[in-house]
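Student: Compute the structure for the input listed below.
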Amino acid sequence: MTIHELLNAALTPVLANTWAVALPPAPVWPAAVFDVDSAPEEAWCMGGGYSRHDVNLLVMARTIEDLDALLPLDGSGPFRDALEGLEAYQYEEDAGDGDYEDDPDIYARYLTVRLRTPRY
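Tutor: This is a model prediction of the structure:
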């Protein structure tokens with residue numbers, strides 16, 4: 001299973017309108033999008049054999065109440081629970097307010113976490 005497949009399987013039960021890399025044109029709200037920066041972890045765990053994945057999740061909604069239900073300002077909530085439930089989960093790197101530049105009336109928050117998976 002690829003890292004994108006793993007994340008899709010974990011995040012779409014939270015919000016079916018979750019996308020990898022980019023939102024579709026004319027998105028429906030609320031929506032979430034994630035991207036992943038991956039690199040080999042050669043020095044971790046005595047010789048490596050792992051890949052590090054920095055996952056950036058952006059959750060967007062028309063109302064602050066919808067946004068609070070999905071991703072509260074402290075980074076808790078169902079999206080974090082879904083990511084923490086992954087065996088590959090390591091830790092949260094950052095969370096906070098974000099923006100959706102295409103529409104300033106849309107509220108947004110981000111959550112960045114680190115995952116580690118074995119390389120095969």
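Student: If you count contacts, what does the longest helix anywhere in the chain end up packed against?
Tutor: As assigned by DSSP state H, the longest helix anywhere in the chain is helix 3-11. With contacts taken as 3 or more CB pairs under 8 Å, 6 or more residues apart in numbering; DSSP states H and E, helix 3-11 sits against strand 18-20, strand 31-41, strand 50-61, helix 78-84, strand 107-118. Every residue, glycine included, has its C-beta placed from N, CA and C.
Student: Any idea what the residue nearest the centre of the chain is bridged to?
Tutor: Residue closest to the average C-alpha location in the chain (CA atoms, centre = their mean): Leu57, at 3.0 Å. Applying DSSP bridges to Leu57 gives these bridge partners: Phe34, Leu111.
Student: thought Gly75 was touching Ala95?
Tutor: Yes - with contact defined as CB atoms under 8 Å, Gly75 reaches Ala95; the gap is 3.0 Å.
Student: if we can go back for a sec, only C-alpha atoms, please: export the longest helix of the chain in CSV.
Tutor: What follows is helix 3-11 as a C-alpha-only set of coordinates in CSV (Å, rounded to 0.1, in the frame of the first residue of the first chain):
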residue,chain,number,x,y,z
ILE,A,3,1.5,6.3,1.5
HIS,A,4,-1.2,8.0,-0.4
GLU,A,5,-3.4,4.9,-0.3
LEU,A,6,-2.8,4.6,3.5
LEU,A,7,-3.7,8.2,4.1
ASN,A,8,-6.8,8.0,1.9
ALA,A,9,-8.0,4.9,3.8
ALA,A,10,-7.5,6.7,7.1
LEU,A,11,-8.9,10.2,6.2
